[in-house]
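1. next one to model:
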Amino acid sequence: MADPGGSRQNVTFPSNGGEAHGYLAVPPSGSGPGLVVVQEWWGLTSHIAEMADRFAAEGFTVLAPDLFGGATTHDREEAQRLMQQLPVERAARDLRGAVDFLLAHPAATGDAVGTVGFCMGGGFALVLAAQEGDRVAAAVPFYGLPDTPGFDYRGLTAEVLGHYAEQDRRISMAEVDEAAARIEAASGRKPEIHFYPAGHAFMNDENLLGTHDPEQAGIAWRRTLAFLRGVLD
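-> Just a heads-up that it's a prediction; the model follows:
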């Protein structure tokens, strides 16, 4: 069952005439490139907040929007229901509001942000990059693709680094290759794609699939930091 009190919200930001919520983490230096971290289907959990904290510790100003309005869960059926009930238009507005918020925030440097997403959030990271054009300079999806068949990547100008699992039962390597080809055709930029000898959600040490892989997670983490610094710094 969803836990309405489990979310790690600590900030409110304007979104399409209303309010959205999220978790903000600022680097020890007080400023750094803006980064939107997009949740998995479990909600804005402690894992996502900890990922935001890790990126902040590495020098980024991070906002993780709460797309489920405060609900979190560790039940797969409930997570599926929350994801299916999430209006794509509202999620897109919340994510656009997150970009607006970071670009106007005094702790965020630069005129573009990066985005990192996990599972469901990996697809949204690519959608956000296509939606926001040159306001998103770097997109890093972890084991996620847009749900829309034949998603139109026109508008995406970001550099893309993708992390995918060889033993993922949800997304095949062929699907990833096909998406990478469409990204390149639409944007003229070849995405950097890595496949890992691991299962879905290998970055998440809280995942219920038993697929967390510390070694592969470490490799992906180091690649992500190098990529984001190279694009956003």
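
2. any regions of the chain where pLDDT drops low?
-> 1-8, 70, 87-89 (pLDDT under 70).

3. change it to 80
-> For the chain, the stretches flagged by pLDDT under 80 are 1-9, 16-17, 41, 69-76, 79, 82-90, 92-93, 208.

4. all strands for it, in order.
-> Here the chain has its strands, by DSSP state E, at 11-15, 18-25, 32-38, 61-65, 108-118, 136-142, 159-165, 192-196.

5. out of these, which one sits most buried?
-> The highest mean neighbour count among the strands of the chain, using mean count of other CB atoms under 10 Å, belongs to strand 61-65: a mean of 29. Every C-beta, even on glycine, is put in place using the N, C-alpha and C of the backbone.

6. pull out the buried residues from stretch 215-226.
-> Neighbour-count burial for stretch 215-226, counted by 16 or more other CB atoms under 10 Å, picks out 216-217, 219-221, 224.

7. same check on stretch 207-216?
-> 207, 211-213, 216.

8. find the nearest non-adjacent residue to residue 59, please.
-> residue 32 (4.3 Å; CB to CB, 6 or more residues apart in numbering).

9. how far does stretch 181-191 sit from the chain's center?
-> Taking the mean of its C-alpha atoms, stretch 181-191 sits 19 Å from the chain's own mean (CA atoms, centre = their mean, to the nearest Å).

10. the chain should start at 7 in everything you say after this.
-> New numbering, starting at 7: the last item is stretch 187-197.

11. what comes into contact with that stretch?
-> Contact with stretch 187-197 is made by 132, 156-168, 186, as judged by CB atoms under 8 Å, 6 or more residues apart in numbering.

12. identify the bridge partners of the residue most central in space within the chain.
-> The residue lying closest to the centre of the chain (CA atoms, centre = their mean) is residue 123, at 1.6 Å. For residue 123, the beta-bridge partners under DSSP bridges are residue 44, residue 147.

13. what's the answer for residue 49, then?
-> If you apply DSSP bridges, the partners that residue 49 bridges to are residue 46.

14. how much space between it and residue 210?
-> 13 Å (CB to CB, to the nearest Å).

15. those two: which has the busier surroundings?
-> residue 49 (27 against 22; other CB atoms under 10 Å).

16. before we move on, back to that, so which of the strands of the chain comes closest to residue 83?
-> Closest to residue 83 of the strands of the chain is strand 114-124 (CB to CB; 19.5 Å).

17. returning to what we had before: narrow the buried residues of stretch 213-222 to those in helices?
-> residue 222 (DSSP state H).

18. and the buried residues of stretch 213-222, which two are the farthest apart?
-> It's 213 and 222 that sit farthest apart of the buried residues of stretch 213-222, by CB to CB, at 13.1 Å.

19. what sits against residue 44?
-> Residue 44 makes contacts with 70-71, 73, 101, 121-124, 126-128, 130-131, 134, as judged by CB under 8 Å, 6+ apart.

20. buried residues, stretch 178-191. List them.
-> 182, 185-186, 188-189.

21. closest to residue 53 out of those?
-> residue 182 (23.0 Å).

22. quick check: the residue lying closest to the closest one once chain neighbours are set aside vs residue 53, distance?
-> Spatial nearest neighbour of residue 182, chain neighbours left out: residue 170 (4.9 Å); criterion: CB to CB, 6+ apart. Here residue 170 is placed at a distance of 19 Å from residue 53 (CB to CB).

23. make CSV from the strands of the chain and add distance to residue 90 to it.
-> Converted to CSV, the strands of the chain look like this (distance: least, CB to CB, whole Å):
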stretch, distance to residue 90
strand 17-21, 21
strand 24-31, 20
strand 38-44, 17
strand 67-71, 19
strand 114-124, 18
strand 142-148, 20
strand 165-171, 23
strand 198-202, 28
